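>>> Using only what follows, build the 3D model:
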Amino acid sequence: EIGENAFLNCKGLKNITIGKGVTKIKERAFVGCSGLTSITIPDNVREVGGSLFWGCSSLASIDIPENVIFTDGVNDAQISETAVIRPGRNYTIPLSKPVELDMVWIEPGTFLMGSPENELGRLDDETQHKVTLTKGYWIGRYEVTQAQYESLMGVNPSMIKGLDHPVEMVTWKDASAFCAKLTEIEREAGRLPDGYEYNLPTEAQWEYACRAGTTSSLNSGKEITSLYGICDNVNEVGWYGQNSKKRSHPVGRKEPNAWGLYDTIGNVCELCRDSRVVYTTDPMTDPVGSTEPDGEKQLKGEGYRSDAKYCRAATRNLVHSISYCDPFVGFRVALVPVQ
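Model (predicted):
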């Protein structure tokens, strides 16, 4: 067999012949082989693992036998998809076995940011306006979990423990450091597309991804029907003050939005990269507040302590310091254009 990580980051490897005695290729065998241009897996190979060709950015063709058995729930299409990160495709980052991070492609586009004047629960800083994002990006399917954070950073600061729960008790500095380390690792492995880096999303990128084409108060296309009591429409999409028992929950247990993102409403509040931009009715293109490592930073999505009034896509919150942490605050990673 060809073992796990057998040719990890062998960037000079251009061609490889798989012998007739090989019957199994284990997961991540060719990860980071950025010089590999093509490969044929012969009929004698019976089992193939996941994330085989992650970061093989020069790989143009993969020939896989029809009778091969795919382990780890992958298939031949997924193997081809994860060979390189390309716009228009979702992908999965293999952090460490079995911890992975799912990323969802977000097309560039125009949307209405903020809320209309008649939206129930609306606050004064939500002036509705048209925003255009000119470049596509990727964003995490889920809030970053404790398992993912610990896999990369070696610690789990969370107060409410659970490896499949969102990480919390992280500062803006901590979240930014996670993104920077992920960028360093993935760039070294040759897996980053040119001009992109892992970072926190801006408030505009976050709200665009959360809304997924909706203009309603909730990203399901429905409205909140209560300010402080039980709201069935919020209950469908998120953990909030009336259903959470005042604690976080495993990610991905509520309904996703139309673009496949979970928990953008509720569970934990999510840190954004930038500080607050003052809204007017004027259209904006690629808006971004200050991203300097100081001062206030935006929070979006609300969380398990929030009343229904605040569980809206347009709601704006903030942390007053980049060193502030709370068991109510986490983050979602994005792969975004370098600014």
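>>> Check whether residue 39 really touches residue 59, as I assumed.
Yes. The criterion here is C-beta atoms under 8 Å, and residue 39 meets it with residue 59 at 7.1 Å. C-beta coordinates here come from the backbone N, C-alpha and C atoms, glycine included.
>>> Quick check: neighbours shared by those two?
Applying C-beta atoms under 8 Å, 6 or more residues apart in numbering, one finds that residue 39 and residue 59 are jointly contacted by residue 53.
>>> which of the two has more neighbours?
residue 39 (22 against 19; other C-beta atoms under 10 Å).
>>> What backbone torsions are found at the more buried one?
Phi and psi for residue 39, reported as degrees, to the nearest 10, are phi -150, psi 140.
>>> Have a look at the chain and report its longest helix.
helix 172-188 (DSSP state H).
>>> what mean pLDDT does that helix have?
Helix 172-188 carries an average pLDDT of 96.
>>> Please apply the same query to stretch 104-121.
98.
>>> Equivalent analysis for stretch 220-227, please.
In this model, stretch 220-227 has an average pLDDT of 98.
>>> shaky segments in the protein?
57, 60-61, 71-84 (pLDDT under 70).
>>> What segments of it are helices?
Ranges of helices within the chain are 76-81, 146-153, 172-188, 203-211, 232-237, based on DSSP H.
>>> and the third one, which residues are buried?
Across helix 172-188, burial judged by 16 or more other C-beta atoms under 10 Å covers 172, 174, 175, 176, 178, 179, 182, 183, 186.
>>> re the thing from before, kindly format the C-alpha coordinates of the longest helix of the chain as CSV.
Extracted C-alpha coordinates of helix 172-188, given in CSV (Å, rounded to 0.1, in the frame of the first residue of the first chain):
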residue,chain,number,x,y,z
TRP,A,172,-10.3,39.0,18.0
LYS,A,173,-6.5,38.7,18.2
ASP,A,174,-6.9,34.9,18.8
ALA,A,175,-9.2,34.5,15.9
SER,A,176,-6.9,36.5,13.6
ALA,A,177,-4.0,34.4,14.7
PHE,A,178,-5.9,31.2,13.8
CYS,A,179,-6.5,32.6,10.4
ALA,A,180,-2.9,33.7,9.9
LYS,A,181,-1.6,30.3,10.9
LEU,A,182,-4.0,28.6,8.6
THR,A,183,-2.8,30.9,5.8
GLU,A,184,0.8,30.0,6.5
ILE,A,185,0.2,26.3,6.5
GLU,A,186,-2.0,26.3,3.4
ARG,A,187,0.4,28.6,1.4
GLU,A,188,3.4,26.4,2.3
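>>> In contact with residue 179, which residues?
197, 198, 199, 200, 333.
>>> and the last one, how many residues sit next to it?
Using other C-beta under 10 Å, the number of residues around residue 333 comes to 26.
>>> How about the first one?
Burial of residue 197 is recorded as 19 neighbouring residues (other C-beta under 10 Å).
>>> gap between it and residue 143?
Separation of residue 197 from residue 143 (C-beta to C-beta, to the nearest Å): 20 Å.
>>> rewinding a little: which of the contacts of residue 179 sits closest to residue 22?
residue 198 (34.8 Å; C-beta to C-beta).
>>> isn't that closest one right up against residue 333?
Yes. At 5.8 Å, residue 198 and residue 333 qualify as touching, with contact defined as C-beta under 8 Å.
>>> what touches both of those two?
Both residue 198 and residue 333 are contacted by 179, 182, under the criterion C-beta under 8 Å, 6+ apart.
>>> which ones are touching the nearest residue to residue 139 once chain neighbours are set aside?
The shortest distance from residue 139 to any non-neighbouring residue, by C-beta to C-beta, 6 or more residues apart in numbering, is to residue 334 (4.5 Å). Contact analysis of residue 334 by C-beta under 8 Å, 6+ apart lists 137, 138, 139, 140, 198, 199, 200, 201, 205.
>>> Just send these back as CSV, with distance to residue 316 and neighbour count too.
Conversion of these to CSV gives the following (distance: C-beta to C-beta, whole Å; neighbours: other C-beta atoms under 10 Å):
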residue, distance to residue 316, neighbour count
137, 21, 23
138, 24, 24
139, 18, 22
140, 21, 26
198, 24, 25
199, 20, 24
200, 15, 25
201, 14, 29
205, 14, 26
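>>> how's the protein carved up into domains?
1-84, 91-337 (automatic domain parsing).
>>> just these: most buried one?
Among the domains of the chain, ranked by average contacts under mean count of other C-beta atoms under 10 Å, first place goes to domain 91-337 (a mean of 19).
>>> Now do the end-to-end distance for that one.
Taking C-alpha to C-alpha, to the nearest Å, domain 91-337 runs 17 Å from one end to the other.
>>> same thing with stretch 7-18?
13 Å.
>>> what's the distance between that stretch and the middle of its chain?
Centroid separation for stretch 7-18 versus its chain: 30 Å, with C-alpha atoms, centre = their mean, to the nearest Å.
>>> and what of stretch 244-257?
The chain centroid and the centroid of stretch 244-257 are separated by 16 Å, computed with C-alpha atoms, centre = their mean.
>>> Between the two ends of it, how far is it?
19 Å.
>>> so who does the closest residue to residue 113 other than its chain neighbours touch?
Distance criterion C-beta to C-beta, 6+ apart; nearest residue to residue 113, sequence neighbours excluded, is residue 131 at 4.4 Å. Neighbouring residues of residue 131 by C-beta under 8 Å, 6+ apart: 110, 111, 112, 113, 204, 208, 283, 284, 285, 287.
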